[in-house]
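K.L.:
Provide a 3D model corresponding to the input given below.
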Amino acid sequence: MHYPTTIQNLIECFKKIPGVGEKTAERYSLALLDLDQEVIDLFSKSIENTKKKIKKCSICNNLTEDKICDICKNKKRDKKLLCVVEDPKSIILFEKLGTFNGYYHVINGLISPLDGVNPEDIDLDKLISRIDKDEIKEVILAVKPSIEGETTSLYISKLLKNKDVIVSKIAHGVPLGTEIDYVDSLTLSLALENRKEVTEDN
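P.N.:
Take a look at the predicted model:
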């Protein structure tokens with residue numbers, strides 16, 4: 001016996017979300033039947049607006065509904081301090097800590113030649129241009145502690161070698177190979193606080 005077509009289609013949609021398998025997709029789909037129409041309408045509209053309204057910040061590539069995100073609009077932050085992250089999700093993690101008062105720049109991925117991801121694929125030109133334009137004094141590399149993360153960090157540090165800017169990276173309190181969003185807030189906060197300057201030797 002199969003589910004009605006509408007529910008089966010919904011199950012297939014949920015299965016497209018990373019980490020959602022057949023059973024979880026079924027549970028989510030059937031749970032929707034018990035929600036009020038008002039909630040269903042909000043759910044549907046929110047999914048639709050995700051595609052229609054969400055865009056990348058023209059300055060830092062963070063997610064926003066406007067041309068410029070709220071963080072870049074905030075003039076009270078330290079304009080000389082720039083934290084480079086892999087994706088917008090990392091910004092949310094650092095903002096929840098409440099200890100970083102600089103700005104961010106999302107590079108949208110890490111250099112990984114084996115996967116066909118080269119430096120030009122993660123738009124480093126935009127990062128370098130911003131550093132020059134905004135006269136950034138310290139760039140903190142807060143990317144995943146992996147081979148790809150280390151490769152990316154070293155590449156960026158070489159690009160900035162002859163510029164008047166300190167390049168540091170979060171401390172190795174974050175275990176090698178760990179996804180940033182799985183690190184507890186205390187470890188992440190200490191890793192940021194105890195960052196060290198990037199050189200070809202470390």
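
K.L.:
in the protein, which helix or strand is least confident?
P.N.:
Least confident helix or strand of the chain, by mean pLDDT, DSSP states H and E, is helix 185-193 with a mean of 57.

K.L.:
ok, the residue most central in space within the chain to Asp164 distance?
P.N.:
Note on the chain: the residue nearest the mean C-alpha position is Asp87, at 2.0 Å, using CA atoms, centre = their mean. For Asp87, the distance to Asp164 equals 28 Å [CB to CB, to the nearest Å]. C-beta here means a position set from N, CA and C on the backbone, and glycine is covered the same way.

K.L.:
what does Ser146 give?
P.N.:
From Ser146 to Asp164 the distance is 29 Å (CB to CB).

K.L.:
for the two, indicate the residue with more neighbours.
P.N.:
Remark: of Ser146 and Asp164, Ser146 carries more neighbours, 15 against 9, as counted by other CB atoms under 10 Å.

K.L.:
ok, back up a step: ok, and the closest non-adjacent residue to the residue nearest to the centre of the chain?
P.N.:
Val106 (6.2 Å; CB to CB, 6 or more residues apart in numbering).

K.L.:
repeat for Glu26
P.N.:
Nearest non-adjacent residue to Glu26, counting by CB to CB, 6+ apart: Ile11, 5.7 Å away.

K.L.:
centre of the chain to the longest helix along the chain, how far?
P.N.:
Using DSSP state H to assign secondary structure, the helix with the most residues in the chain is helix 37-53. Its chain's C-alpha centre and that of helix 37-53 lie 23 Å apart, by CA atoms, centre = their mean, to the nearest Å.

K.L.:
shouldn't the residue nearest to the centre of the chain be in contact with Leu110?
P.N.:
No - taking contacts as CB atoms under 8 Å, Asp87 lies outside contact range of Leu110: 9.7 Å.

K.L.:
wait, doesn't Leu35 sit right on Phe43?
P.N.:
Yes - using CB under 8 Å, Leu35 is in contact with Phe43, at 7.5 Å.

K.L.:
ok, and Leu82, which helix or strand is that part of?
P.N.:
Per DSSP states H and E, Leu82 falls inside strand 81-85.
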